[in-house]
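Novice: Provide a 3D model corresponding to the input given below.
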Amino acid sequence: MSIAALSGVTDADIAAARQSQPDAFTTPAGMVRKWTPLAIAVVYVFASMWYFDFARLLDASDRVLSLLYNFVVWRDMDTWAYRQIYVGISQTLAMAFLGTFLGTLGALGVGFLAARNVMPFAAVRQIVRRILDVLRGIDQLVWGLVFVRAVGLGPLAGVLAIFVSDLGTLSKLYAEAIENIDRKQVEGVRSTGAGPIAVIRYGFLPQVLPVFISQSLYFLESNTRSATILGIVGAGGIGMIIIERFRASLYDQVAFVVLNVLVLIFAIDWLSKRIRLWLIGAKHDG
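Specialist: Residues are numbered from 1 along each chain as shown. Prediction:
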């Protein structure tokens, strides 16, 4: 634009341009709105550091190095209770599998009750969703403590904790997947005169089943890690062995157990990927 053209622009033209394109002009109020959240975040980060005594890291450096040394230097391996360790790992895997399986079965029914395009009664739908909020809002570890108190020590408490927690989360995820389906397929099934059960079986499930399976397999992997933590609070499995070894300062055995759990997680992740690809009929590269 030439200088002559610019000299012809009046204040009224500028005001009209500001009104029509407010985002193109920077104002003091706009700058405040833009930078205030960032300034609050920076202040909050530095204020949060006030609660942490970072100097203690230097004081604890010797203990940390000693702990790491004991983790990597394994002694008297022939005296370790391998049978107890692998029984605990098998209990943890069974706990995660059974809890995830029960949670998946429960979510298959509850998820449809919470879906807007399946449950026409808003009152029922809202009650179901609020119950799911409660189940999902309480941490799995807290459920573990509750069930340890209710049914006693052992894997049963862990299974119930995983089941209740997964029921709340998977039902919500399933309901969202159901609400996002292609309605044309459902309408096509309905047009044949099919009843509600048949509509769900042939209109909904073929579309959402791969999503359901993928989410449940991911939860199985996640719950295997969670089952380890649940064992620490008394829900059985490998977690109880880990906490016992920690209390006895057998850090080399703790490291061995953790490595075995990591191998188990990797194996579940590998197997889950193959199952997902097999179910959807896709090829994989290894």
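Novice: okay, now Arg245: neighbour count?
Specialist: 20 (other Cβ atoms under 10 Å). For glycine as for every other residue, the C-beta is placed from the backbone atoms N, C-alpha and C.
Novice: lowest-pLDDT helix or strand in the chain?
Specialist: helix 3-7 (a mean of 51; mean pLDDT, DSSP states H and E).
Novice: pull the longest helix from the protein.
Specialist: Ordering each helix of the chain by length in residues (DSSP state H) puts helix 82-113 first.
Novice: any chance you could map the helices in the stretch 1-150 of the chain?
Specialist: All helices of the stretch 1-150 of the chain, identified by DSSP state H, counting those that start in this stretch, fall at 3-7, 11-20, 28-48, 55-59, 61-72, 82-113, 122-137, 140-151.
Novice: closest to Gln253 out of those helices?
Specialist: For the helices of the stretch 1-150 of the chain, proximity to Gln253 was assessed by Cβ to Cβ; helix 82-113 is nearest, at 7.8 Å.
Novice: any idea of the mean pLDDT in that closest one?
Specialist: What helix 82-113 shows for mean pLDDT is 89.
Novice: what's it packed up against?
Specialist: Counting contacts by 3 or more Cβ pairs under 8 Å, 6 or more residues apart in numbering; DSSP states H and E, helix 82-113 is packed against helix 122-137, helix 155-179, helix 205-230, helix 238-247, helix 251-280.
Novice: run the chain-centre distance for the longest helix of the chain.
Specialist: 15 Å (Cα atoms, centre = their mean, to the nearest Å).
Novice: break the protein down into its domains, please.
Specialist: Following automatic domain parsing, one finds the domains of the chain at 11-51, 80-280.
Novice: shouldn't Gly236 be in contact with Gly158?
Specialist: Yes. With contact defined as Cβ atoms under 8 Å, Gly236 reaches Gly158; the gap is 5.8 Å.
Novice: looking at the two, which one has more neighbours?
Specialist: Taking other Cβ under 10 Å, Gly236 and Gly158 do not tie; Gly158 has more neighbours (34 against 23).
Novice: and the more buried one, how close does it get to Ile40?
Specialist: The gap separating Gly158 from Ile40 is 41 Å, by Cβ to Cβ, to the nearest Å.
Novice: repeat that for Phe101.
Specialist: 45 Å.
Novice: between those two, which is the more surrounded one?
Specialist: Taking neighbours as other Cβ under 10 Å, Phe101 and Ile40 compare with Phe101 leading, 16 against 10.
Novice: how far away is that one from Ile162?
Specialist: Phe101 sits 10 Å away from Ile162, taking Cβ to Cβ as the criterion.
Novice: with Phe204 instead?
Specialist: Applying Cβ to Cβ, the value for Phe204 to Ile162 is 26 Å.
Novice: which of these two has more neighbours?
Specialist: More crowded of Phe204 and Ile162, by other Cβ under 10 Å: Ile162, with 32 against 20.
Novice: for the more buried one, give me its contacts.
Specialist: By Cβ atoms under 8 Å, 6 or more residues apart in numbering, the residues touching Ile162 are 95-96, 98-100, 103, 140, 223, 226-227, 230.
Novice: how close does the closest residue to Ala194 other than its chain neighbours get to Pro210?
Specialist: Nearest residue to Ala194, sequence neighbours excluded (Cβ to Cβ, 6 or more residues apart in numbering): Tyr202, at 6.9 Å. According to Cβ to Cβ, Tyr202 and Pro210 sit 15 Å apart.
Novice: just Ser66 next, same as before
Specialist: 50 Å.
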